[in-house]
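Colleague: Predicted structure and sequence below. I'll ask about it afterward.
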Amino acid sequence: MSDEITRWLSANARPLTSLSAGAPYEDLLPLREVLKGVRVVGLGESTHGTREFFQLKHRLLEFLVREAGFRALAMEAGESAALAVDAYVAGAPGDGARLVSRLGFWTWRTREILAMVEWMREHNRTVPADERVRFVGIDPQCCADSAAVVGAFLEEAAPATAASVREVLGVLAASRPGSRPDPGRRLHEEARELAGFLREHRADLAARTSPEAADDAVRHAGILVRCADLITRPLKMSPGEESLYAVRDRFMAEAVHALVDGTAGRVAVWAHNGHIAKGTYGPGVPALGSLLRRRHGEAYYALGLLFGKGQFRARRGGDTTGPAVRHRIGGAGRSVESRLAAAVPGDYLVDLRGGADHAAPAVREWLRGPGLQRSFGANVPRFTYRFHVAPLVPAEEYDGIAFVARSTCSRPLP
């Protein structure tokens, strides 16, 4: 790496004095200027199983809420089950660990995520209503909670209809994206018909139950429609805006848009780097971040989280039910991470917006040219994961990078 790039990173890196939530904020204060005019911040992660990523994002959320007026966390978590977590952080009774464990993803069943949720609940307990923060799931997959709510509502308000849709609701509750590919999209159509019935007859159904129960059923039915859409699309990474992966990111983007439009505050988005990046997710699939940039322009800021070496948790191969296990990885070869690790020791933030276009030619070439980053999802290949990299043009995909020198495994809940 050229001396010019090293000097630029050394001059622009903002060392992080701590990754832990609750630490003083002095090292984060430059973010106030960086995020001036920003309404949506994407908080990424290159693995779903790194403790330090979760700790840092919790710390960043505390700062964004307390110091920058952010009022919602939009998370890559099941839209259906997250409604109960949102009620919990707002003060409803419940078991925080159980609610976090039901979010639909093993990745979030950790002590780190629980600590963040409990902090949100405590924060909301101690501040005025207009300073409270929400927890919003934006991923429509995993809709068992919504199927249960709609089924229970119909049993009370329209028993005959409940009996006619019981099988459909059972299929929706048990299915995953791509598990029932169908060119005719019959399951999706059945979910649409059910949602239409609830909307059309809302007044009559509310009279038999309550307006609140009817509204809740209509909202959950909308989640079922989106979930059914993903269930009936083929599970393959194909280019274009109608593949399963593109539609999933579009649904998540629409959820963030609605949240931004419906709040006077600002929104933090928690998802994998592949989702929060401003380019494509896989071959020609518009990522969530690209849709947020398209809608919000410079008011969207994508912060990628990368690490140097260490360990992280993931499932092996195509296993979708087994435990997440420890994976080890050393130096980052010729990836962007290796350059970040060599230039500045320790953990730090670097803003890629401010001044990058006026930097030395070698710096501009590095920031605007093709490179490689390491990227690991919920599942990784058994042996070859160490060589897994994805293309990256740093300043085109991210507005900033948070670099963690050493990764350790997230800690699962009992």
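Modeller: Nice, I can see it. As the structure is a computational prediction, the values presented were derived from the model and not from experiment.
Colleague: Could you measure from the closest residue to residue 221 other than its chain neighbours over to residue 324?
Modeller: Leaving aside its chain neighbours, residue 221 sits nearest to residue 195 (3.9 Å; criterion: C-beta to C-beta, 6 or more residues apart in numbering). In short, each C-beta sits where N, CA and C put it, glycine included. Applying C-beta to C-beta, to the nearest Å, the value for residue 195 to residue 324 is 34 Å.
Colleague: swap in residue 271?
Modeller: According to C-beta to C-beta, residue 271 and residue 324 sit 18 Å apart.
Colleague: so where is the stretch 1-150 of the chain shaky, pLDDT-wise?
Modeller: 1 (pLDDT under 70).
Colleague: Could you pull out the strands in it for me?
Modeller: For the stretch 1-150 of the chain, strands defined by DSSP state E, counting those that start in this stretch occupy the ranges 13-15, 40-43, 70-78, 134-139.
Colleague: Other residues contacting whichever strand or helix holds residue 156?
Modeller: Residue 156 is part of helix 144-157 when elements are defined by DSSP states H and E. With contacts defined as C-beta atoms under 8 Å, 6 or more residues apart in numbering, helix 144-157 is touched by 78-81, 83-84, 102, 161-162, 165-166, 169-170, 172-174, 194, 198, 205, 208-209, 213-214, 216-217, 220-221, 223-224, 227.
Colleague: Of these, keep whichever come out buried.
Modeller: 78-81, 83-84, 102, 161-162, 165, 169, 172-173, 194, 198, 205, 209, 213-214, 216-217, 220-221, 223-224, 227 (16 or more other C-beta atoms under 10 Å).
Colleague: Restricted to strands, list those.
Modeller: Of the buried ones among the contacts of helix 144-157, the ones assigned to strands by DSSP state E are residue 78.
Colleague: Tell me which stretches of the stretch 1-150 of the chain form helices.
Modeller: In the stretch 1-150 of the chain, the helices defined using DSSP state H, counting those that start in this stretch lie at 3-12, 30-34, 51-68, 79-89, 96-101, 111-126, 144-157.
Colleague: what's the shortest one packed up against?
Modeller: In this case it means helix 30-34. Here helix 30-34 touches helix 51-68, strand 348-351, going by 3 or more C-beta pairs under 8 Å, 6 or more residues apart in numbering; DSSP states H and E.
Colleague: Go again with 7 Å.
Modeller: Applying 3 or more C-beta pairs under 7 Å, 6 or more residues apart in numbering; DSSP states H and E, one finds that helix 30-34 makes contact with helix 51-68.
Colleague: Just the angle for the helix it packs on relative to helix 111-126, thanks.
Modeller: With axes from the mean of the first three to the mean of the last three C-alpha atoms, to 10 degrees defining the directions, helix 51-68 sits at 20 degrees from helix 111-126.
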